[in-house]
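Engineer: Need the 3D shape of this:
(2 chains)
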Amino acid sequence: MTVTSTHTWETVVGLEVHCELATVSKLFCGCPNEFGDEPNTHICPVCLGLPGSLPVLNERAVEYALRVAEALHLRVPARSIFSRKNYFYPDMPKDYQTSQYDEPITIDGWLDVDGVRVGITRAHLEEDTGKSLHVGGGGRIHDADHSLVDYNRAGVPLLEIVSEPDIRSAEQAKRYVDELRATLLAVGVSDVKMEEGSLRIDANVSVRPAGSAEFGTRAEIKNLNSLRSLVHAIEHETQRQSALLDSGARVVQETRHWDEDGGRTLPGRSKEEAHDYRYFPEPDLVPVAPTDEMRARVRASMPELPAARRARLIEAWDIKDDDARVLVDVAGLADYAEQAVAALKAGSAKDVANWVRQDVLGYLNDRGLSPAVLTPEMLADLVGLVADTTISRGQAKDVLAESMAEDKWPSDVVRDRGLAQVTDLAQLTAAVDAVLAVNGAAIEEYRAAPDDKVRKKKRGFLMGEVMRGLEGKGNAQILSDLLDARLA
Amino acid sequence: MTDAALSIAADVRAGRRSARDVLEAHLAQIAARESDVHAFNLVTADDARERANEIDAAIARGDNPGPLAGVPIALKDNLCTRGVPTTCSSRILEGWRPPYDATVVQRVRNAGAVAVGKTNLDEFAMGSSTENSAFGPTRNPHDLSRVPGGSSGGSAAAVAAGFASVALGSDTGGSVRQPASLCGVVGVKPTYGAVSRYGLIAFASSLDQVGPFASSVSDAALLLEVIGGHDSCDSTSIAQPAPSLLDDLERGVEGLRIGIVTELTDTDGIQPDVKAAVETAANALTDAGAKTERVSVPSTMYGLSAYYLIAPAEASSNLARYDGVRYGLRIDGADVADMNARTREAGFGREVKRRIMLGTYALSAGYYDAFYGQAQRVRTLIIRDFEHAYEQFDVLLAATSPTVAFELGAKTTDPLTMYLNDICTIPSNLAGHAAMSIPFGTALPVDAPGGTPALPIGVQVLAPAGGEPVMFRVGRSIELAAPISSHLGGSGT
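Structural biologist: Prediction:
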């Protein structure tokens, strides 16, 4: 018998975010922690797991974990330990991963996302693996002709941030990651570049009847390499599980892989993933016990967090919520805007925010955010030129483009191209009068106009003539007032 | 008699002998007897000659090459030596040359020692007879039909046979002390963390400790002073300089309180002559002014069981990396997992496989708490019992090996009988404490009372963590009291 469900299904999501910490060296050795170099150039006996080598914990990684603890309201137990997660894999030099298991460095925190509090179960330190390249055959480890391994990434410090199953939609999951990324960026522990793999996400997804307090059976979805994949995978998985339950079938607890091309999740190879990791305490490392002094130092050096910064900018700059979000969430943008505001001679912070959001960001997205392209002081100069009516907003867009193209101060562009607006009242009055003197017919037609439409047209003609006389540089507002006074 | 390291170093520094002459004498000894003893996996004669010449050149320049100037040293083949094959007596490391030196290797070299070769061991230090070597067993220099003990049997035999003045071994459950006992030399298991493990190929990380072999307590002290002290490459290394041992060595035992551990001396399975030797040594210490009495450390009886869960558990993880991917042996297979399996099947010997399986099982889901967890609780109990004993005693006395050297092949078919060799030595590893074995008389083996020479007995001194200075004083007093037959040497037999 087919049961047709009357349920509306609610999505329940918990995320595991693996964040590469931007320390100078790796977690357990002195090798550089750098992305993108020639394979196997950042390796040593320790991160290659050569016989006899031993790990030594990078204290900076501990400090970074403590910074994240401050930002995510996590508790830091007096002591944590590393454990070994044992399984065979060619890109893992020791065939075990040194990670944290039952005594992680931080526990029990939260992150507010659009007013909803998402619990953070834990954030723990672990080492990254190397990277395999499977050549020939099916291109996967079990059917490739051969595989090449690059151990540059082996031993790079990761912080795995595990959320509670408090997320209720794909969109909310995306927002959680947005907020988490902004936070990790703000506290300076990671460059959070998903495209370079410095932020990787696994999603635990289940569904349950709306209103139910019980959790459904979950699937763990791996291989989510972008926010787009995250959203699509959760949406797809919700539909897949809902359909299963609607048809009377059950959801199986399993690991699934997001198939980007197919736009679906696929079951993992159960044989490969049926691991008993045989965790046990890592005997080569001593327990981690952050001192009060270390914690105090971290606390004293904490920057303003994204939520607080957004609130402050909205209030102080009188900008919209959405504008504040863009400024704060894009790496370096809020700092840039604040520096520009600090350099302002005329104009408002809101003007700066508008310029940054509407114009500067576009250029910077194309060319990379670099103050070398347009320094904050140059933007302040531009905003000032508009605010003190030296140039119009329309002119300013051209000035901005030229300023960036030629690395030139806006004031210099205006001067060299003679763009400054004419605001001198006598000069403007003379220009108006000169036009009116030779356009008697038009004046008559204006005054005799049968309707507003005709009147507007005639006025527009006269205004155009005046501007033409001033080579377009007359201050439009003053000219308009002068013309109206003459025509009245 | 083996050439003492202290006198070699003093003579070389003073220009009375050249490091090269000292080395050649030892190489001659190797040439004469190594084919019988098989103490070495590799004799590095050329490198050693070059090094000895450098020492002599340094002396000629007026430099001081250090406290081990010109002292020939043998290195257990589980210590990494840059550019020199390091095998752990296993096929799985075939062809591998470490790109770095172990910290202890660096330290002895910097102190002026001359490495003569890499010594044989039970594969990955798993064994008590050096029979579990992929390259064949080492024989006891005192009786070639018998084992030298293990796992550092090659190092013990090398010192006993006069192939090297001193040697380094590693002790996970008795692997320095037991072969020292069987070969009639001094062997020390330092406090856990007293000597760097960096470059010691791991067997069981929480138990492994590098230790010296020497023909005298003072030479062992000299070598331990050189290799000890903090190493920033080993997180478990104690953040203190090596304690001074030689200075107080002759201070005697007047007023010291010494306990004889009944569980490690009076137990069934310990040869009567060995019990008698411990008794005689205790009497000598009493005569020298110490207060000796019997003490019970009950939980040490469970040491063996706990050890054979903890050590294999750690080993199963430590030895996972020998998978054919990066170095050593590779046997090709249908896919990566198949290649891993074939490589490990061909590369590891029976005892290593046995312990990997034992350890894997002990850590498995559902069994962890009953096996590994329980073993760790026993370990805690042993530490507590020892703490209690050390409230009353400065050091403890016990047998090292239950018997003198046994015949090759006598115990290879029964792993449990073999494991019992370490019953008296294992507790110190579980506790992380210091211990040493000092030759003390000889006995005829119980398995062949006639037709064989009397064989060395070792007496063990146990001390709490950091107790090396007092332990060495007691060891020195035992050495002074030892019957003349203890000074067998090896070269003269």
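Engineer: Residue numbers of the stretch 151-300 of chain B in contact with chain A?
Structural biologist: Listed as neighbours of chain A in the stretch 151-300 of chain B under the rule CB under 8 Å from any CB of the partner chain: B:197-202, B:204-206, B:232-236. Yep, even glycine has a C-beta here, placed from its N, CA and C like the rest.
Engineer: run the last query once more with 10 Å
Structural biologist: B:193, B:196-202, B:204-208, B:231-237 (CB under 10 Å from any CB of the partner chain).
Engineer: pLDDT-wise, which helix or strand of chain A ranks last?
Structural biologist: One helix or strand of chain A scores below all others by mean pLDDT, DSSP states H and E: helix A:270-273, with a mean of 52.
Engineer: Below-threshold pLDDT in the chain: ranges please.
Structural biologist: With no chain named, the answer covers chain A. For chain A, the stretches with pLDDT under 70 are A:1-6, A:138-139, A:141-142, A:269-274, A:364-373.
Engineer: my question was about chain B
Structural biologist: B:1-2, B:449, B:451, B:486-493.
Engineer: Quick check, central residue of it?
Structural biologist: B:Val176 (1.6 Å; CA atoms, centre = their mean).
Engineer: close enough to count as contact, that one and B:Gly169?
Structural biologist: Yes: taking contacts as CB atoms under 10 Å, B:Val176 lies within contact range of B:Gly169: 4.3 Å.
Engineer: returning to what we had before: next helix or strand past the least confident helix or strand of chain A?
Structural biologist: strand A:280-281 (DSSP states H and E).
Engineer: Would you agree A:Glu214 is in contact with A:Pro165?
Structural biologist: No: counting by CB under 10 Å, A:Glu214 does not reach A:Pro165; the two are 11.5 Å apart.
Engineer: Out of these two, name the residue with the larger neighbour count.
Structural biologist: A:Pro165 (17 against 6; other CB atoms under 10 Å in any protein chain shown).
Engineer: what sits against that one?
Structural biologist: A:12-15, A:118-119, A:121, A:204-206, A:215, A:218 (CB atoms under 10 Å, 6 or more residues apart in numbering or on different chains).
Engineer: Filter those residues down to the buried ones and hand me the PyMOL line.
Structural biologist: Buried subset of the contacts of A:Pro165, written as a PyMOL selection, criterion 16 or more other CB atoms under 10 Å in any protein chain shown:
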select buried, chain A and resi 12+13+14+15+118+119+121+204+205+206+218
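Engineer: Would you format the contacts of A:Pro165 as TSV with distance to A:Leu333 and secondary structure included?
Structural biologist: Listed next are the contacts of A:Pro165 as TSV, based on distance: CB to CB, whole Å; DSSP: H, G, I helix; E, B strand; the rest coil:
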residue	distance to A:Leu333	secondary structure
A:Val12	34	strand
A:Val13	28	strand
A:Gly14	30	strand
A:Leu15	25	strand
A:Val118	24	strand
A:Gly119	29	strand
A:Thr121	31	strand
A:Asn204	32	strand
A:Val205	32	strand
A:Ser206	36	strand
A:Phe215	39	coil
A:Arg218	36	coil
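Engineer: Kindly reformat the contacts of A:Pro165 as TSV and extend each row with distance to chain B.
Structural biologist: Shown next, in TSV, are those (distance: CB to the nearest CB, whole Å):
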residue	distance to chain B
A:Val12	26
A:Val13	27
A:Gly14	22
A:Leu15	25
A:Val118	30
A:Gly119	27
A:Thr121	21
A:Asn204	20
A:Val205	25
A:Ser206	23
A:Phe215	23
A:Arg218	20
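Engineer: Just the closest of the contacts of A:Pro165 to B:Ile438, please.
Structural biologist: Nearest to B:Ile438, judged by CB to CB, of the contacts of A:Pro165 is A:Thr121 at 55.1 Å.
Engineer: How about that closest one: what's its closest non-neighbour residue?
Structural biologist: Spatially, and ignoring its direct neighbours in sequence, A:Thr121 is nearest to A:Val162 (4.5 Å; CB to CB, 6 or more residues apart in numbering or on different chains).
Engineer: which of the residues in the host helix or strand of that neighbour are buried?
Structural biologist: Here A:Val162 sits within strand A:157-163, counting by DSSP H and E. Across strand A:157-163, burial judged by 16+ other CB under 10 Å covers A:157-163.
Engineer: Looking at the residues you listed, which is nearest B:Ala74?
Structural biologist: A:Pro157 (40.0 Å).
Engineer: Quick check, that closest one in contact with A:Glu20.
Structural biologist: Yes: using CB under 10 Å as the test, A:Pro157 is close enough to A:Glu20 to be in contact (7.1 Å).
Engineer: ok, back up a step: find residues that contact each of B:Val176 and B:Gly169.
Structural biologist: Contacts common to B:Val176 and B:Gly169, judged by CB under 10 Å, 6+ apart, are B:76, B:151-152, B:155-156, B:187-189, B:209-213.
Engineer: The closest residue to B:Thr403 other than its chain neighbours and B:Thr400, how far apart?
Structural biologist: Among residues not flanking B:Thr403 along the chain, B:Gln271 sits closest, at 4.6 Å (CB to CB, 6+ apart). B:Gln271 is 12 Å from B:Thr400, where distance means CB to CB, to the nearest Å.
Engineer: if you count what's nearby, which of those two comes out ahead?
Structural biologist: B:Thr400 (32 against 19).
Engineer: ok, now which ones touch the more buried one?
Structural biologist: Counting by CB under 10 Å, 6+ apart, B:Thr400 makes contact with B:149, B:174, B:177-182, B:187, B:264, B:274, B:277-278, B:421-422, B:424-425, B:435-440, B:457-461.
Engineer: ok, back up a step: what sits in contact with each of A:Pro157 and A:Glu20?
Structural biologist: A:33, A:128, A:189-190.
Engineer: Could I get the contacting residues of B:Arg257?
Structural biologist: B:290-293, B:295, B:390, B:392-396.
Engineer: Apologies, that question was intended for A:Thr375.
Structural biologist: Going by CB under 10 Å, 6+ apart, the list of residues near A:Thr375 reads A:336, A:339-340, A:343, A:381, A:407, A:409.
Engineer: Now list the buried members of the residues you listed.
Structural biologist: Buried members of the contacts of A:Thr375, scored by 16+ other CB under 10 Å, are A:336, A:339-340, A:343, A:381, A:409.
Engineer: Output these in JSON lines, with secondary structure and distance to B:Thr44 appended to each entry.
Structural biologist: Listed next are those as JSON lines, based on DSSP: H, G, I helix; E, B strand; the rest coil; distance: CB to CB, whole Å:
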{"residue": "A:Tyr336", "secondary structure": "helix", "distance to B:Thr44": "63"}
{"residue": "A:Gln339", "secondary structure": "helix", "distance to B:Thr44": "64"}
{"residue": "A:Ala340", "secondary structure": "helix", "distance to B:Thr44": "68"}
{"residue": "A:Ala343", "secondary structure": "coil", "distance to B:Thr44": "70"}
{"residue": "A:Asp381", "secondary structure": "helix", "distance to B:Thr44": "73"}
{"residue": "A:Trp409", "secondary structure": "coil", "distance to B:Thr44": "71"}
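Engineer: I'd like those residues as CSV, with distance to B:Ala320 appended.
Structural biologist: Converted to CSV, the buried ones among the contacts of A:Thr375 look like this (distance: CB to CB, whole Å):
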residue, distance to B:Ala320
A:Tyr336, 49
A:Gln339, 52
A:Ala340, 55
A:Ala343, 59
A:Asp381, 63
A:Trp409, 63
